[in-house]
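Novice: sequence-free structure coming up:
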Ligand SMILES: Nc1nc2c(ncn2[C@@H]2O[C@H](COP(=O)(O)OP(=O)(O)OP(=O)(O)O)[C@@H](O)[C@H]2O)c(=O)[nH]1
């Protein structure tokens, strides 16, 4: 059975809102509505709570004011409530006691009739059913139904609603009698109904316009079907009046609608009308409720901290820990409950408890920023905000330090290690930076442990990287060695990808890595140099040592590997070998024939001469290096290049460094991982395993790895997945921090005034190496007014999302060695997005250069058109001074401006106001002719002045200017 809050409030003589508050304080989850309901069990909890509350010292001020008699009456009232909850049987049992006149005083005719017509046998039976009802409950109920009302006749129409409603409320079922609640002193007794005036229950709207009730139309009939009110109660109670209200309203509007509801339909009229009953005067006073509300609860909770955490504790202890649990281990429900209690306690006026909450908040705010520290421990990456909290300094202190260094950052920007240290130094704080246990280090340690194990090793083929300046013949040389013709198929005749091949010479294997020689591919050259055992430095005999040759020498030295020089194009006439040897030695590569340790082999890649000698030398060098590696160890290698194949998905092209890589192995390569599905040689032949130094193309990774990423064979797929994910996150963070890091003041000002114009680009390419190379080249275009903004770059064809991005940002798409998907192509047409396809990197750079130069504001230059000498001057009133001139050279145009030159000094420049030949206006006057010139805003012209005419021309600027 549900007990409505408003009914209970009315019964207890308190305001519904206050009762809801008390319910919540008692730990009951009651909606903030008088229509909310509670169960009898909850009601008992509430009563217990109120009882306890009142029994506390100071908590029941009002109790002391109550007379013993009032206490007793209140006790009876509560007990009466218990009995009423038992239902009609219990009520019947109690009806022996009430005096007959009280029954007739009940204006609800229906109930009264039932009571009076109840046969005695049924009453007896009911008594048996309701046996558990305590005898004292009977007494209490009887007492309740014996209100000390005014004399019957005059009071009949003004019976207090509080005394009526409980009786009118129909009991739904019989429940065992609950123990009768002890007295509840805080509640004022409902024992002395105060006579109500008619206006207390009649709608002030007046007359017949009773309180409007929204009901189904069917209720009209139900209302009509009800037995008429007893004549003994001429003035209906509000409940009765309300039931008849729809009838009256319906009559007003017109004929009654046909009955739509079932004849037995009972609209919830009675319950609603209870709400309309006026609050009796017998109520808890406001100060009692206020005093009992929060302050006392807080006090109680403080004393009973172990049973329930206080608001302060909840406020001061932020929830941390496992999801669904707060820091104190509360479950979700409990945490929610605690929040709800906090919310409840947060409401209200300037009570003690609010002061406490405010103090806690103030302390919390203060603790965040004012607790100064002399040392701090942080871990990177860290934002300005987090660092200020760690140091106990306001964020503005940190920002001020950064600002003084010319760095404009926001509170959410991340700081690098160096900046964090600088800030700490400036603020005089000892800073300790905790280094996270790096999974990469852990992985490397584990692998090196594996390497150290005593495994059987075998001699492996040398990995030979071919380096050299562009067009010196590297690819032709590798082609010749492989007996293939890769160079012929290269776009633009230049190598743009790194590639690995294996050849056999005299029964011995050699692995070659061909690298691009173009300046743009420095990264690839470095990558090639890093995996190599021997470097073949190709120098064209006709060209000599060139910039990229020098760079390759540096790579070789950095890698610490032996160099063999292939002096190529020796078939060309007029070559000077000595010059080449001299240039090489000048760069630290001393030929063996000059007493050094570098073999210089004369070859012609084109004609194939010297190739055997070169291979013999390489094998000998490898033998001297004694290149060995374990063959049965878990394989690891390096990815030199990677791309997405239409049919096979991501492909990593790399070299196995040690161990044997097999199909089915679990591979981790940079941010990619997966089981190796298939492996292919450089010639596309499928293989099942690849030993040390074998170049191999691997299919089965979940995404395209980065060029230069190391490849490891793992045993635990979860570990591989986790490491790959961490690498991905780290890569993303690095990319983001690179984009949004601290800016210099100059950057900030330049960006704000819009001086820098961006050229937004999206770059799609076939391999990560190509992307790197293109980006490297584009980053070289530095200019104060224009810059390239790469919005997105990735491996693979141009897709729809690229086009959408380009359309929204006004970007151009660079498609390098890739094409657009059909739908992307169509979309680009619709969105007017330009997709520019390229096969050669320097075409990309040249076009982008032009585009950037197009963004530059053209330069304005003065171009002199002619000179005129002032022969005479004429002063004309209201016109000004006109100079009579002769054109000495060139032409004077009407649209020109002129410099006025007097005594070889330029006075100023003016526009020509009028130009006349004789008396006629002239458009231009040529050399040798005389004319009249009047200047705009200058009349102080004198004989002998020189007028130099000029026009402004706009000239296109280049990035170099
Ligand atoms: N005469 C002559 N020409 C050669 C020889 N080797 C290469 N060439 C030519 O030199 C040009 C460049 O050759 P590549 O093999 O593409 O040069 P590369 O060093 O691989 O060029 P990049 O890969 O772009 O750095 C081609 O036209 C070749 O035919 C040679 O031994 N003799």
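Specialist: Here it is on my side, so go on. As the structure is a computational prediction, the values presented were derived from the model and not from experiment.

Novice: identify the residues contacting stretch 856-868?
Specialist: With contacts defined as C-beta atoms under 8 Å, 6 or more residues apart in numbering, stretch 856-868 is touched by 783, 785-786, 885-893, 896, 925-927, 931, 933, 946-959, 961. (C-beta placed from N, C-alpha, C; glycine too.)

Novice: keep only those of those that are in strands.
Specialist: 786, 885-893, 925-926, 931, 933, 946-955 (DSSP state E).

Novice: can you narrow these to ones near the ligand?
Specialist: Applying C-beta under 6 Å from any ligand atom to the ones in strands among the contacts of stretch 856-868, one finds that nothing falls near the ligand.

Novice: buried subset of those residues, written for ChimeraX?
Specialist: Filtering the ones in strands among the contacts of stretch 856-868 down to the buried ones (16 or more other C-beta atoms under 10 Å) takes a single ChimeraX command:
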select :786,885,887,890,891,892,893,925,931,933,946,947,948,949,950
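
Novice: list the buried residues of stretch 904-922.
Specialist: Neighbour-count burial for stretch 904-922, counted by 16+ other C-beta under 10 Å, picks out 910, 912, 914, 915, 916, 922.

Novice: can you add secondary structure and give the residues you listed back as CSV?
Specialist: Compiled in CSV, the buried residues of stretch 904-922 are given as follows (DSSP: H, G, I helix; E, B strand; the rest coil):
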residue, secondary structure
910, strand
912, strand
914, strand
915, strand
916, strand
922, coil
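
Novice: for residue 613, give me phi and psi.
Specialist: Backbone dihedrals for residue 613, given as degrees, to the nearest 10, come out at phi -60, psi -40.

Novice: burial count for it?
Specialist: 14 (other C-beta atoms under 10 Å).

Novice: how much space between residue 43 and the ligand?
Specialist: Residue 43 sits 90 Å away from the ligand, going by C-beta to the nearest ligand atom, to the nearest Å.

Novice: could you list the domains of this structure?
Specialist: 3-54, 375-434, 461-626, 630-737, 755-855, 859-955 (the TED database).

Novice: in contact with residue 955, which residues?
Specialist: 858, 859, 860, 861.

Novice: any idea which of those is closest to residue 560?
Specialist: Distance to residue 560 across the contacts of residue 955 (C-beta to C-beta) is lowest for residue 859, with 50.5 Å.

Novice: just to revisit the earlier point, among the contacts of residue 955, which are in strands?
Specialist: Short answer: the contacts of residue 955 in strands (DSSP E) are 859, 860, 861.

Novice: show me what the last one bridges to in the sheet.
Specialist: Partner residues in beta bridges with residue 861, using DSSP bridges, are residue 953.

Novice: for it, grab the count of nearby residues.
Specialist: Neighbours of residue 861 using other C-beta under 10 Å come to 11.

Novice: so how far is residue 957 from it?
Specialist: 11 Å (C-beta to C-beta, to the nearest Å).

Novice: and the first one, by the same measure?
Specialist: With distances taken as C-beta to C-beta, residue 859 is found 5 Å from residue 957.

Novice: of the two, who's got more company?
Specialist: Between residue 859 and residue 957, residue 957 has the larger neighbour count (other C-beta under 10 Å), namely 17 against 12.

Novice: show me what contacts the closest residue to residue 464 other than its chain neighbours?
Specialist: Closest residue in space to residue 464, ignoring its immediate chain neighbours: residue 534 at 4.8 Å, by C-beta to C-beta, 6 or more residues apart in numbering. For residue 534, the contact set (C-beta under 8 Å, 6+ apart) comprises 462, 463, 464, 465, 561, 562, 563, 564, 618, 621, 622, 625.

Novice: same question for residue 853.
Specialist: With C-beta under 8 Å, 6+ apart, residue 853 has these contacts: 956, 957, 958, 959.

Novice: so it, which of the three states?
Specialist: The assignment at residue 853 comes out as helix when based on three-state DSSP.

Novice: so how far is the ligand from it?
Specialist: Here residue 853 is placed at a distance of 26 Å from the ligand (C-beta to the nearest ligand atom).

Novice: from residue 679, how far out is that residue?
Specialist: Distance, residue 853 to residue 679, using C-beta to C-beta: 47 Å.

Novice: next one: residue 531
Specialist: 18 Å.

Novice: now do residue 48
Specialist: Applying C-beta to C-beta to residue 48 and residue 679 gives a distance of 77 Å.

Novice: more crowded one of the two?
Specialist: residue 679 (22 against 14).

Novice: so where's the stretch 51-200 of the chain uncertain?
Specialist: Low-confidence segments of the stretch 51-200 of the chain (pLDDT under 70): 56-200.

Novice: tell me which residue of it lies closest to the ligand.
Specialist: Residue nearest to the ligand within the stretch 51-200 of the chain (C-beta to the nearest ligand atom): residue 53, separated by 90.3 Å.

Novice: give me the element that residue is part of.
Specialist: Secondary-structure assignment from DSSP states H and E places residue 53 in helix 40-55.

Novice: which helices and strands does that helix pack with?
Specialist: helix 16-25 (3 or more C-beta pairs under 8 Å, 6 or more residues apart in numbering; DSSP states H and E).

Novice: adjacent strands (with direction) for the helix or strand that the helix it packs on is followed by?
Specialist: Moving toward the C-terminus from helix 16-25, the next helix or strand (DSSP H and E) is strand 37-38. Here strand 37-38 is paired, per DSSP bridges, with strand 3-4 (antiparallel).

Novice: and the helix or strand residue 584 falls within, what's buried?
Specialist: Here residue 584, judged by DSSP H and E, is contained in helix 577-586. For helix 577-586, the neighbour count (16+ other C-beta under 10 Å) marks 580, 581, 583, 584, 585 as buried.

Novice: please report how far the residue lying closest to residue 609 once chain neighbours are set aside lies from residue 575.
Specialist: Once flanking residues are discounted, residue 609 sits nearest to residue 603: 6.3 Å by C-beta to C-beta, 6+ apart. Taking C-beta to C-beta as the measure, residue 603 falls 12 Å from residue 575.

Novice: what about these two, which has more around it?
Specialist: residue 603 (26 against 18).

Novice: which residues does that one contact?
Specialist: With C-beta under 8 Å, 6+ apart, residue 603 has these contacts: 477, 566, 567, 568, 570, 609, 610, 611, 613, 614.

Novice: how about the helices of the stretch 551-700 of the chain, start to end?
Specialist: All helices of the stretch 551-700 of the chain, identified by DSSP state H, counting those that start in this stretch, fall at 577-586, 611-625.

Novice: the longest one and the ligand, any residue contact?
Specialist: Just to be clear, that refers to helix 611-625. No. Helix 611-625 stays clear of the ligand (C-beta under 6 Å from any ligand atom), getting no nearer than 10.2 Å.

Novice: next, the buried residues of that helix.
Specialist: Residues of helix 611-625 classed as buried: 611, 614, 615, 617, 618, 619, 621, 622 (neighbour count, 16+ other C-beta under 10 Å).

Novice: is it possible to get CSV of those that adds pLDDT?
Specialist: Shown next, in CSV, are the buried residues of helix 611-625 (pLDDT from 0 to 100):
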residue, pLDDT
611, 90
614, 91
615, 91
617, 92
618, 91
619, 91
621, 90
622, 89
